[in-house]
Each structure stands twice: as C-alpha cells, then as structure tokens.
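[1] Build me a structure from this.
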Amino acid sequence: MKMLGDMRKYILLLGGLVLCMNGWAHESITTEARKNYLIKLQEGSQVLSANPSVPVKAKTLYQIGATLEEIRDLFNQDIISHGAVKGLESNLLLTELARAGFKLDMSPKIGLYLSQLHYYREAIKLDGKAVFADHARYLLLKNHFYDSFTDNPLTPLSQSKEELSELLDVGERLQKIKDKNINQEEVKFILAIHYLQAMQQQLVGKDEGLKKFKKLLTELSRDYPQSLKPMTLEALSAGL
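    Purely as a prediction, here's the structure:
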C-alpha cells in the first residue's frame, strides 16, 4: 500500500493537522491577535511570579501551554502551506515570544514547531483532578504523538519506556472521559499505536498488547465507520 511510503503525511491528514491552505492570502496572525497572545502569556507569567496557590499555578500553566499551542498551530499551518512562517506580525510574535521567555522550538527532523508539553505535565502533576486536567492529558497524548516521528510512528525519534508507559496510562484514562474537547477517535487511534510500540519494546506482553490493540481497532471500526484510521492501524500491525 502506497500509504506506508509517506506515513507521516497520511497520519497528519487523518488527524486533521494538514489543512488545505491553497489560495490563503491573509496573514495567520493580525496585530490585535499578536498583542492579545502576548498579554495572555505575560499575565500568566505574572501570576506564576506571585507564588500562587497550587490550584492557581496548575491552571495558569495549563493556560500558558494552551495559548502556546494555538500560536504553534498557526505557525505550523504557515510552514505546511508556504514552507515558512509568513507575515510581519507572525515573525514579530516569534521574536517577542523568545524575548518573553516563551521561545518555541522547531524540530530539525520534522520541520515544524514542537508542542511545549512540560506545561501540561506540570499542571497535571500539581492538580491532576482539576476541571482542565483531562484536557491537558489529551493535549499531552496527542501532541507528543504527532511530534514524535518522521516517517513511521512505530519508530519514534525519542521516546523512553517511561514516557511510553505514562502515555499508555493517559490514553487508558482518557477513554473513560466524556468531554466534547477530547476527541475519542483520536485517543483510541493514538493509544492503539502506543500498544504496538509497547509490544515492540517489550513493555507489555504480546498477548496483552494484541488484545488491547484489537479491542481499540474494533471500537474504532464500530464507532467511526467512515474513518480511515482502522485501515491505517491494520497496515501498521501487518505481520503481528
């Protein structure tokens, strides 16, 4: 199947992360948007500097992470569409983020800006039962995955067994959550791939891993009959 020849692009399309931007002429970030992003981040930084209570600190870290996520998505859409971040306001924002201590890092291998996952991890660690915590877990699961590979998700660029074990726990927890901001199709898809990785790395036994994988594949096929994700999982698991 030709899909395996360009697996990263195909999976990004499945995840809705590669957008059709043909003919998009306007700038992704306006002057007003740039100023608003900076105000949000500066306010968050001020809150953290004031030694707030644990719940306030956790929520602020989550909000900073989510704001940077929104900015990074706009920058990456520019790169995917045009090959670089375009527009004066966008480039000003890049510079101002770095100056304010919120520098976004670009992966030289993937060619896109990476998610700032440490904000989510720290927020969850501080207040794992907060209202926002499960959404932070979802962003952690999703963004770690899409940032982790070039051609084949079964060969991540850098992922320890400890990280993989954490992500399996996160994915299992998220399956039980009913929240419109948590895409269960995405959760099941990523979790299934993590079980394939876990079997490869002998983090889980083959029987247990296959049982979990097949259950997720069955649920995806049943609950999302129009989805192409089951076909992708079948291609990735061929030969097991």
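[2] how close does Ile29 get to Glu70?
    Computed as Cβ to Cβ, to the nearest Å, the Ile29 to Glu70 distance reads 10 Å. All C-beta atoms are positioned from the backbone trio N, CA, C, and that covers glycine.
[3] of those two, who's got more company?
    Shown here are Ile29 and Glu70; by other Cβ atoms under 10 Å, Ile29 has more neighbours (24 against 13).
[4] so what sits against both of Ile29 and Glu70?
    Tyr37 (Cβ atoms under 8 Å, 6 or more residues apart in numbering).
[5] State the pLDDT value of the closest residue to Ser148 other than its chain neighbours.
    Spatial nearest neighbour of Ser148, excluding adjacent residues (Cβ to Cβ, 6 or more residues apart in numbering): Pro156 at 4.2 Å. As predicted, Pro156 sits at a pLDDT of 93.
[6] who's in contact with Asp105?
    Counting by Cβ under 8 Å, 6+ apart, Asp105 touches 113-114.
[7] quick one: pLDDT of it?
    Asp105 is assigned 94 on the pLDDT scale.
[8] Let's check: the centremost residue of this structure is which one?
    In the chain, the centroid-proximal residue (Cα atoms, centre = their mean) is Asn143; its distance is 1.3 Å.
[9] Now it: phi and psi?
    Here is the backbone geometry of Asn143 (degrees, to the nearest 10): phi -80, psi -30.
[10] For the residue nearest to Ala66 when sequence neighbours are not counted, identify the helix or strand it belongs to.
    Distances taken as Cβ to Cβ, 6+ apart place Leu139 nearest to Ala66, at 7.1 Å, with adjacent residues excluded. Per DSSP states H and E: Leu139 is located in helix 133-147.
[11] Need the contact partners of that helix.
    11-12, 15, 17, 58, 62, 65-66, 69, 107, 110, 112, 114-115, 117, 120-121, 123-124, 127, 153, 163, 167, 170-171, 173-174, 177, 179, 181-183, 186-187, 190-191, 193-194.
[12] that older thread, just want to check the distance between the residue nearest to the centre of the chain and Leu114.
    The gap separating Asn143 from Leu114 is 8 Å, by Cβ to Cβ.
[13] Show me the protein divided up by domain.
    Domain segmentation of the chain under automatic domain parsing yields 30-133, 148-240.
[14] first to last residue in the longest one, what's the distance?
    So the one you mean is domain 30-133. End-to-end distance for domain 30-133: 30 Å, by Cα to Cα, to the nearest Å.
[15] what about it, distance to the chain center?
    13 Å (Cα atoms, centre = their mean, to the nearest Å).
[16] residues touching the closest residue to Ser107 other than its chain neighbours, list them.
    Using Cβ to Cβ, 6+ apart and skipping the chain neighbours, the partner closest in space to Ser107 is Leu114 (5.4 Å). Residues in contact with Leu114 (Cβ under 8 Å, 6+ apart) are 72, 104-107, 147.
[17] who wins for neighbours among those residues?
    The most crowded member of those, judged by other Cβ under 10 Å, is Arg72 (21 neighbours).
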